[in-house]
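S.K.: 3D, please:
(chains A and B)
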Amino acid sequence: MSAVTWRALATDGEARAGMLSTPHGEVSTPAFMPVGTKAAVKAVDTDDLHAVGAEMILANTYHLMLRPGADLIADLGGLHEFMSWDRPILTDSGGFQIFSLEPEITDEGAVFSSVYDGSTVELTPEDAVRIQERLGPDIAMVLDVCVGLPAPREEVEVQMRRTLQWADRSLEAHTREDQALFGIVQGGVDLDLRAESARETAALGFEGIAIGGLSVGESAEERNTALTAAVVELPPDRPRYVMGLGDTDGLLDAIARGADMFDCVIPTRLARHGRALTSTGDFNINRVEFTDDRSPLDDECGCSTCSRYTRAYLRHLVRMGELSAHRLLTIHNLTYLLDLVAGARQAISAGEFEIYVAAVRSERDSG
RNA sequence: GUGGCCGUAGCUCAGUCUGGUAGAGCACCUGGUUGUGGUCCAGGAUGUCGCGGGUUCAAGUCCCGUCGGUCACC
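M.R.: Down below sits the predicted model:
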């Protein structure tokens, strides 16, 4: 019996709408997962997350193993109880930190210098699985090696094969039956490597498969062709998760190619930097033209920020460094992206996904 | 009243001794940020150098005067 299953509800071309079932409930797909690296989506709380329509969130193995530690979280009842979030959680394995923190990598694993105190931290694929079993998310990810692009083909190939080896070891180490383990496809923007990685990863029998190593420096076109090359090799009855992707065009492109799940720091990070995502394009609320603007961030948005506050007020909060600015903009940006994928789900079910994409882009480009 | 110090970008100031394309930090204006260190990065705009006169090829800088601020003393 699988911890996590996915079933299709509708398809439109390659795009698919479906339902992901997890130990902590169901998630409609395509789904966008806000990022809560340290067991917190920055600036908001779980009430806010429910209010903006988030059904599943993401946390991070590397950060949580260091602070406060996986054993402590396990003692306190696991991630869900620890952070008071009773819906599905997915944890990233620390693979992205292999990209962003540049640890020493061997066949055995990765050796980090802790970002908190500089101490040496080793993380093997087995460690990542064991730690995630302690943390207790609904979905755990295998430790992978995410390569920044552009990179030499040899480097991409070496790390893709290493990721496959690690995937195999991860499955071997995985014991919790109430937790799913997802494999991760690598291969950069090389179509043959992508296809091979996808085939081999799929053959290992994961309950779901992620496509990683994208949005790390390649062009949108390269990303899309790499995505297609991978997706066609994946089993149609398993969820497909594109890691780290979260700009409007990227999401629509990936959904059109059959992707089901996404996460990205864009909405939350940009919010803390004063940038608002809207149906007519994104902008920095700091701009002087908004000084006396009485309109909401987005006329079409129904979030609690847009229903109550003007651009002029939000600009003031951002400029003064008021903490509420982070929360209010984060609520709005998450609402925008979650509404975007909700619209995609609806359009797929109605057989109108292409029309939806055209409408979203047309409105954005007119604004 | 006498003496000292100060007056340069929106703000705080460097540059004056030893004349040679007017600067920095902050603030301001744009843009960037993709499996997160609330950062950071990259560009940009900004000046009657208090005012007047003099010396000089050339004055923010040297000289004279003057205005304003400030401190000390009487």
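S.K.: rest of the way, CA atoms for contacts and neighbours
M.R.: Will do.
S.K.: for the stretch 51-200 of chain A, which residues are neighbours of RNA strand B?
M.R.: Proximity of the stretch 51-200 of chain A to RNA strand B (C-alpha under 7 Å from any atom of the strand) is limited to residues A:59-60, A:92-97, A:99-100, A:115-116, A:141, A:143-147, A:184.
S.K.: buried subset of these, written for ChimeraX?
M.R.: Selection of buried members from those for ChimeraX, criterion 16 or more other C-alpha atoms under 10 Å:
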select /A:59,60,92,93,94,95,96,97,99,141,143,144,145,146,147,184
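S.K.: okay, A:Thr291: pLDDT?
M.R.: The per-residue pLDDT reported for A:Thr291 equals 87.
S.K.: A:Asp365 now?
M.R.: As predicted, A:Asp365 sits at a pLDDT of 83.
S.K.: next: A:Met1.
M.R.: So A:Met1 comes in at 67 (pLDDT).
S.K.: of the residues of the stretch 51-200 of chain A next to RNA strand B, which belong to strands?
M.R.: Counted as lying in strands by DSSP state E, out of those, are A:59-60, A:92, A:141, A:184.
S.K.: out of those, which is nearest to A:Arg319?
M.R.: Among those, A:Ala59 lies closest to A:Arg319 (C-alpha to C-alpha), at 29.6 Å.
S.K.: break down the stretch 201-350 of chain A into its strands, ranges please.
M.R.: A:208-211, A:240-242, A:261-264, A:275-276, A:283-284 (DSSP state E, counting those that start in this stretch).
S.K.: and these as a markdown table, adding mean pLDDT?
M.R.: Compiled in a markdown table, the strands of the stretch 201-350 of chain A are given as follows (pLDDT from 0 to 100):
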| stretch | mean pLDDT |
| --- | --- |
| strand A:208-211 | 98 |
| strand A:240-242 | 98 |
| strand A:261-264 | 97 |
| strand A:275-276 | 94 |
| strand A:283-284 | 92 |
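S.K.: of all those, which one is nearest RNA strand B?
M.R.: Closest to RNA strand B of the strands of the stretch 201-350 of chain A is strand A:261-264 (C-alpha to the nearest atom of the strand; 4.3 Å).
S.K.: who does the closest one pair up with?
M.R.: Partners of strand A:261-264 in the sheet, by DSSP bridges, are strand A:31-34 (parallel), strand A:240-242 (parallel).
S.K.: would you say A:Ala128 is within a helix?
M.R.: Yes - according to DSSP: H, G, I helix; E, B strand; the rest coil, A:Ala128 belongs to a helix.
S.K.: re earlier: can you redo the strands of the stretch 201-350 of chain A as TSV with distance to A:Ala167 and mean neighbour count?
M.R.: Conversion of the strands of the stretch 201-350 of chain A to TSV gives the following (distance: least, C-alpha to C-alpha, whole Å; neighbours: other C-alpha atoms under 10 Å):
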stretch	distance to A:Ala167	mean neighbour count
strand A:208-211	11	26
strand A:240-242	16	26
strand A:261-264	20	24
strand A:275-276	37	23
strand A:283-284	40	14
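S.K.: may I see the ones you listed arranged in JSON lines, with distance to RNA strand B as well?
M.R.: Output for the strands of the stretch 201-350 of chain A, formatted as JSON lines (distance: least, C-alpha to the nearest atom of the strand, whole Å):
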{"stretch": "strand A:208-211", "distance to RNA strand B": "8"}
{"stretch": "strand A:240-242", "distance to RNA strand B": "8"}
{"stretch": "strand A:261-264", "distance to RNA strand B": "4"}
{"stretch": "strand A:275-276", "distance to RNA strand B": "7"}
{"stretch": "strand A:283-284", "distance to RNA strand B": "5"}
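S.K.: in a markdown table: those strands, plus distance to A:Asn333.
M.R.: Converted to a markdown table, the strands of the stretch 201-350 of chain A look like this (distance: least, C-alpha to C-alpha, whole Å):
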| stretch | distance to A:Asn333 |
| --- | --- |
| strand A:208-211 | 24 |
| strand A:240-242 | 20 |
| strand A:261-264 | 12 |
| strand A:275-276 | 6 |
| strand A:283-284 | 11 |
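S.K.: for chain A, name the helix or strand with the lowest mean pLDDT.
M.R.: None of the helices or strands of chain A scores lower by mean pLDDT, DSSP states H and E than helix A:311-320, at a mean of 89.
S.K.: going by contacts, tell me the helices and strands next to it.
M.R.: helix A:323-349 (3 or more C-alpha pairs under 8 Å, 6 or more residues apart in numbering; DSSP states H and E).
S.K.: any bit of the helix it packs on sitting next to RNA strand B?
M.R.: Yes - Helix A:323-349 comes into contact with RNA strand B (C-alpha under 7 Å from any atom of the strand), by way of A:323, A:326.
S.K.: residues in contact with stretch A:77-96?
M.R.: The contact list for stretch A:77-96 (C-alpha atoms under 8 Å, 6 or more residues apart in numbering) reads A:22-27, A:39-40, A:46, A:55-63, A:73, A:76, A:128-129, A:132, A:134-146.
S.K.: quick check, pLDDT for the nearest residue to A:Arg199 once chain neighbours are set aside.
M.R.: Excluding the flanking residues, the one nearest A:Arg199 by C-alpha to C-alpha, 6 or more residues apart in numbering is A:Glu233, at 5.4 Å. Turning to A:Glu233, the model gives it a pLDDT of 98.
S.K.: now A:Tyr116
M.R.: A:Tyr116 is assigned a pLDDT of 84 by the prediction.
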